[in-house]
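J.: task: produce atomic coordinates for the following.
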Amino acid sequence: MQNVLETDGELAAAEISLETARALEDGGPWGQGFPEPVFEGEFDVVEARTVGDRHLKLWLRAEAAMRPVEAIAFGYFDESGARRPGAGARLKLAYRLQSTSFGGSERAELLADHVEWRGTGL
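T.: Prediction:
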């Protein structure tokens, strides 16, 4: 038996924005029988750090010219063998796009449901 994660496809780099996150949030309510959209995509790691011993905080780029977007993978280090990626690593994520104002300013953030290594990058 294999786990299957269905997604709503990829967003273009320009769609990974606060405006898109707000539009998705306004499209709810999300819940049982009407799940929140989950997207997938490949990203280059700009920076990564561990938060609270269990969570992975990332700054990612889908394209070299785009501004880095924040991402968080809650419970990432609960998995056996999980390791923190370095700058330049390439990751594939299944994520939900949301707005956040944690830390002061409102911005888009990826809430990662699944993180898969694609390469070490640079």
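
J.: now residue 107, which residues is it bridged with?
T.: Judged by DSSP bridges, the bridge partners of residue 107 are residue 100.

J.: number of nearby residues for it?
T.: Per other C-beta atoms under 10 Å, the neighbour tally for residue 107 reads 16. Glycine gets a C-beta too; all of them are placed from N, C-alpha and C.

J.: that one and residue 120: what is the separation?
T.: Per C-beta to C-beta, to the nearest Å, residue 107 is found 28 Å from residue 120.

J.: got a pLDDT number for residue 1?
T.: In this model, residue 1 is scored at 61, pLDDT.

J.: begin at 23 from here
T.: Done: numbering now begins at 23, and the last item shifts to residue 23.

J.: mind checking which helix or strand the residue nearest to the spatial centre of the chain is in?
T.: Residue closest to the average C-alpha location in the chain (C-alpha atoms, centre = their mean): residue 132, at 3.4 Å. Taking DSSP states H and E as the criterion, residue 132 maps to strand 129-141.

J.: what is that strand packed up against?
T.: With contacts taken as 3 or more C-beta pairs under 8 Å, 6 or more residues apart in numbering; DSSP states H and E, strand 129-141 sits against helix 40-48, strand 77-83, strand 91-95, strand 112-122.

J.: now with 7 Å?
T.: On a contact count with 3 or more C-beta pairs under 7 Å, 6 or more residues apart in numbering; DSSP states H and E, strand 129-141 meets helix 40-48, strand 91-95, strand 112-122.

J.: residues in contact with that strand: which ones?
T.: Contacts to strand 129-141, defined as C-beta atoms under 7 Å, 6 or more residues apart in numbering, come from residues 27, 38-40, 43, 60, 64, 91-95, 98, 111-122.
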